[in-house]
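Undergrad: Fold the following, please.
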Amino acid sequence: QLVESGGGLVQAGGSLTLSCAASGRAFNLYAVGWFRQAPGKEREFVAGIGRSSENTDTANSVKGRFTVSRDNSKNTAYLQMNSLKPEDTAVYFCALRTGSSPRPATNHYDYWGQGTRVTVSS
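TA: Model prediction:
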């Protein structure tokens, strides 16, 4: 089970940190991906991190503003979001992938959370 938290309403330029808590699985065997889906749009890759944090990947649209991390001792991954923009408004999902590295495509992921909503006001 994956549970995202930390979403909410924030003004443009503000920050939020999302958490993804995993249970029932060997969290350190999975790469983690963060995705988002805005109304009327397809789900898109935001950032990902390898099993032991050995590699990360970040979408160009959030590069330099968002940072992905994980703490395997807490079975939790994080997405630190700074300098938020109205176009970052979406439901954010975390997902687990059986593999060492993250991938940008949704079909590479085996388990998904229910999502947490982020709204950025202008």
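
Undergrad: what are the ranges of the strands in the protein?
TA: 2-5, 8-11, 16-22, 30-37, 44-49, 56-58, 66-71, 76-81, 90-98, 111-112, 116-121 (DSSP state E).

Undergrad: Let me know which of the ones you listed is tucked in deepest.
TA: Highest mean neighbour count among these (mean count of other C-beta atoms under 10 Å): strand 30-37, with a mean of 25. For glycine as for every other residue, the C-beta is placed from the backbone atoms N, C-alpha and C.

Undergrad: Let's have the strands of the chain in CSV, adding distance to residue 104 and mean pLDDT.
TA: CSV is the format used below for the strands of the chain (distance: least, C-beta to C-beta, whole Å; pLDDT from 0 to 100):
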stretch, distance to residue 104, mean pLDDT
strand 2-5, 18, 97
strand 8-11, 25, 98
strand 16-22, 17, 98
strand 30-37, 8, 98
strand 44-49, 4, 98
strand 56-58, 7, 97
strand 66-71, 13, 98
strand 76-81, 15, 98
strand 90-98, 11, 97
strand 111-112, 15, 96
strand 116-121, 19, 98
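
Undergrad: For residue 105, find the nearest of these.
TA: Proximity to residue 105 (C-beta to C-beta) singles out strand 44-49 among the strands of the chain, at 7.4 Å.

Undergrad: So what are the sheet partners of the closest one and their directions?
TA: Applying DSSP bridges, strand 44-49 is found paired with strand 30-37 (antiparallel), strand 56-58 (antiparallel).

Undergrad: Those into CSV, with extra columns for distance to residue 102?
TA: CSV is the format used below for the strands paired with strand 44-49 (distance: least, C-beta to C-beta, whole Å):
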stretch, distance to residue 102
strand 30-37, 5
strand 56-58, 5
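
Undergrad: Brilliant, that's me finished.
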